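Engineer: Everything below, folded, please.
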Amino acid sequence: MLLFKYIFKELYHTFKTKAARQFLRLLWQYGDAPRHTQTEVHFEKYTFLVPDCLSFVWQFKEIFVDDFYAFATSSKHPVVFDCGANVGVSVAYFKQKHPNARVVAFEADLRIGQILQQNIKNNRIEGVEIVNKAVWIDDQGVMFGSEAADSSSIFSTAASNRVPSVRLRDLLLREETIDFLKIDIEGAEMSVLADCRDALAHVQHIFVEFHAYIGHPQALAEVVQVLQNAGFRYYIDTNQHRSAPFMNHRYRQNDVMDLQLNIYGYRQ
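Structural biologist: Modelled structure (predicted):
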């Protein structure tokens, strides 16, 4: 019967892997914890400090269960640029999958960057360079609003301060090959990718978490055009799946952002 096939298929996917089962444990253990409270969490072989348990739990699902950042490479020492590393869950994933990788982890939020450094040090994760600066189009600094969890951005409604920045284009051009470039920088991706349009030829895989903020141009076409001109094949996915989108114009009842997409670029 189709109903039972559907039900058991969903149950199978929920329990089929060790990471999926661990996600259920983390959801049970931390899902109802007070929001925006710094907490010590345990996952895989790591012990991390996180500023918000619920944000961490969903990061774990996307990264370790759904394998958002999985990529294959023949390089013995792959280079990973993690733009928007947050507290380091993605860094732990990259180093677990590719132990000999050199990971450069960028984090704009100064407070979150300190937690990132502490997590990497306490868990003895080697081969990681932490840059506690915003990825941007120059090195003159940028106005940045710090939120309580993982939504800090240049579009934040929180009080903004100028934070140090680095020009990503310059750093990309210094590398012979970049095996994986992750860009999760909460809206700054539009400006940064436009500035890097001539510096992506040696990037093998690129992940862009695209954000569109209410009152600002969506600019998805410009982002896709940059990837297409750089020679990437691309795939676009979303975790929104909101029903009645002509009626429901909000992303999870968000009053600041109305669209979030995951864009995967790869070479064939």
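Engineer: how near is the closest residue to residue 264 other than its chain neighbours to residue 179?
Structural biologist: The spatially closest residue to residue 264, leaving aside those adjacent along the chain, is residue 235, at 4.6 Å (C-beta to C-beta, 6 or more residues apart in numbering). (Each C-beta comes from the backbone N, C-alpha and C, glycine too.) Separation of residue 235 from residue 179 (C-beta to C-beta, to the nearest Å) stands at 18 Å.
Engineer: And those two? Which one has more around it.
Structural biologist: With neighbours defined as other C-beta atoms under 10 Å, residue 235 and residue 179 compare such that residue 179 has more, 23 against 10.
Engineer: who are the neighbours in contact with that one?
Structural biologist: 71, 73, 75, 78-80, 101, 204-205 (C-beta atoms under 8 Å, 6 or more residues apart in numbering).
Engineer: how about the nearest residue to it, chain neighbours excluded?
Structural biologist: The shortest distance from residue 179 to any non-neighbouring residue, by C-beta to C-beta, 6+ apart, is to residue 78 (3.8 Å).
Engineer: give the contact list for the one you found.
Structural biologist: By C-beta under 8 Å, 6+ apart, residue 78 lies in contact with 98, 100-102, 179-180.
Engineer: Flag every buried residue along stretch 214-222.
Structural biologist: residue 219 (16 or more other C-beta atoms under 10 Å).
Engineer: What mean pLDDT does it get?
Structural biologist: Averaged across stretch 214-222, pLDDT comes to 90.
Engineer: Next: stretch 177-185.
Structural biologist: Averaging pLDDT along stretch 177-185 gives 97.
Engineer: What of stretch 22-39?
Structural biologist: pLDDT averaged over stretch 22-39 gives 94.
Engineer: which residues sit against that stretch?
Structural biologist: Outside stretch 22-39, the residues within contact range by C-beta under 8 Å, 6+ apart are 14-15, 41, 43-44, 49-54, 56-57, 60-61, 64-65, 115, 148-149.
Engineer: Now do the end-to-end distance for it.
Structural biologist: End-to-end distance for stretch 22-39: 18 Å, by C-alpha to C-alpha, to the nearest Å.
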